[in-house]
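*Asks:* Here's my sequence, what's the structure:
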Amino acid sequence: MSSVKTVRVELGARGYDILIGEGLLARTAELIAPLMRPGRNRVFVVADENVAQIHGRALAGALESAGLNGHLIAVPQGEESKSFAYLATVLDELIELGAERDDLILAFGGGVVGDLTGLAAGLLKRGARFVQIPTTLLAQVDSSVGGKTAINSRAGKNMVGLFHQPVLVIADLGVLDTLPERERSAGLAEIAKYALIDDPPFFDFLEANAWALRAGEKDAVAEAVRVSCAAKARIVAIDETEQAERALLNLGHTFGHALERANGFQPSLLHGEGVGAGMAMAMRYSAMLGVCPGQDAVRAEKLLNALGLATRVKDLGGGPYPAADLLAHMAHDKKAKNGKLTLILTRGIGKSYIEREVDLVSLRAFLETEAAS
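*Replies:* Next up, the predicted model:
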């Protein structure tokens with residue numbers, strides 16, 4: 001285990017480890033063995049069809065070699081699976097297969113599968129245990145950690161969900177080799193988020209290693225994943241259910257979710273791409289308000305561009321993205337309370353803060369400028 005980095009999420013009796021390294025998928029049975037109940041030799045695997053096709057045989061072989069029976073439940077790739085329909089499908093199949101609360105359910109895929117599986121596990125017989133095996137960079141550094149689970153509704157993204165922590169996260173860096181460059185860049189957006197929130201030295205690291213990260217160079221990626229997971233673990237331990245500090249992890253997300261919804265959650269705009277543009281927009285809006293130095297907004301935008309991310313609305317895939325639509329979607333964001341919109345703004349690189357009473361007049365003017373430029 002010397003090559004495996006371990007990050008602990010400290011939540012008392014519900015704490016768990018994030019294991020980061022190469023070759024972990026082949027060791028899945030060994031890694032989950034301490035979590036298996038005596039006399040049980042079955043696990044339930046929820047995966048998207050693409051991941052099942054690419055990596056399913058490797059996982060099945062790892063389980064079979066240890067005498068474990070893996071029952072696969074496959075769902076379509078993409079945001080369409082984060083729905084009531086597929087939540088019902090997964091729950092019905094788990095129940096029909098005889099899944100119990102003390103069985104293990106493995107979420108095997110990207111953020112969509114992790115969110116869907118975590119929610120299904122949280123609802124199954126009032127709470128079953130699950131393990132996250134994230135297969136995208138974005139999921140490894142963000143959605144697999146912290147226990148946020150959700151599906152989308154007609155009202156917006158992640159509107160139906162609950163907090164349900166995994167019992168283990170297995171982040172195999174080797175599976176990232178099959179990621180398209182666009183998916184890798186989408187994950188790098190979430191990595192950049194941690195630097196922009198409160199870690200200027202990490203921002204310096206990302207600037208110095210942007211091209212290595214974009215190319216998937218293993219040492220740089222391993223360090224970026226470790227730092228990102230440690231940052232999220234620290235914040236989750238302080239504020240598990242997002243009453244205060246954890247809201248900082250939404251930097252760029254209110255803008256990003258509005259962009260995604262305006263695009264109908266189509267694959268022409270990935271979640272990480274929306275977040276990347278959203279962070280740049282949050283920086284520029286903060287600069288417009290006079291709370292963020294303009295040079296910091298420019299520097300952040302340059303880093304995001306170097307990581308392969310578009311930072312201007314006109315350069316994003318999909319669309320169109322009218323200002324009025326973006327504002328309407330932001331007003332319905334789940335972080336809005338009592339008619340007030342909350343945004344994560346910044347006083348500079350590594351100096352993000354929570355603004356709970358955003359002035360909608362200035363925000364509308366900003367979005368109109370963004371949509372037109």
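
*Asks:* Could I get the full set of strands for the stretch 51-200 of the chain?
*Replies:* 69-75, 104-109, 129-134, 148-153, 156-163, 168-172 (DSSP state E, counting those that start in this stretch).

*Asks:* Can you list the strands that the longest one pairs with?
*Replies:* Right, the one you point to is strand 156-163. Strands that pair with strand 156-163, judged by DSSP bridges, come out as strand 148-153 (antiparallel).

*Asks:* Please save the CA atoms from the partner strand in CSV.
*Replies:* Only the C-alpha atoms of strand 148-153 are listed here, as CSV (Å, rounded to 0.1, in the frame of the first residue of the first chain):
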residue,chain,number,x,y,z
LYS,A,148,-24.0,14.7,-1.4
THR,A,149,-26.4,12.6,-3.4
ALA,A,150,-29.1,13.8,-5.7
ILE,A,151,-31.1,13.5,-8.9
ASN,A,152,-32.4,16.3,-11.1
SER,A,153,-36.0,17.5,-11.4
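
*Asks:* All the helices of the stretch 151-300 of the chain, residue numbers only.
*Replies:* 181-198, 200-208, 210-214, 218-238, 253-262, 271-288, 294-306 (DSSP state H, counting those that start in this stretch).

*Asks:* need those helices in a markdown table with mean pLDDT and mean neighbour count, can you?
*Replies:* (Each C-beta comes from the backbone N, C-alpha and C, glycine too.) Formatted as a markdown table, the helices of the stretch 151-300 of the chain follow (pLDDT from 0 to 100; neighbours: other C-beta atoms under 10 Å):
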| stretch | mean pLDDT | mean neighbour count |
| --- | --- | --- |
| helix 181-198 | 97 | 24 |
| helix 200-208 | 98 | 16 |
| helix 210-214 | 97 | 18 |
| helix 218-238 | 96 | 20 |
| helix 253-262 | 95 | 25 |
| helix 271-288 | 98 | 26 |
| helix 294-306 | 98 | 18 |
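
*Asks:* closest one to residue 103 among these?
*Replies:* Comparing the helices of the stretch 151-300 of the chain by their distance to residue 103 (C-beta to C-beta), the top pick is helix 218-238, with 24.8 Å.

*Asks:* so what secondary structure elements neighbour the closest one?
*Replies:* Where contact means 3 or more C-beta pairs under 8 Å, 6 or more residues apart in numbering; DSSP states H and E, helix 218-238 is packed against strand 5-9, strand 16-21, strand 168-172, helix 181-198, helix 200-208, helix 210-214.
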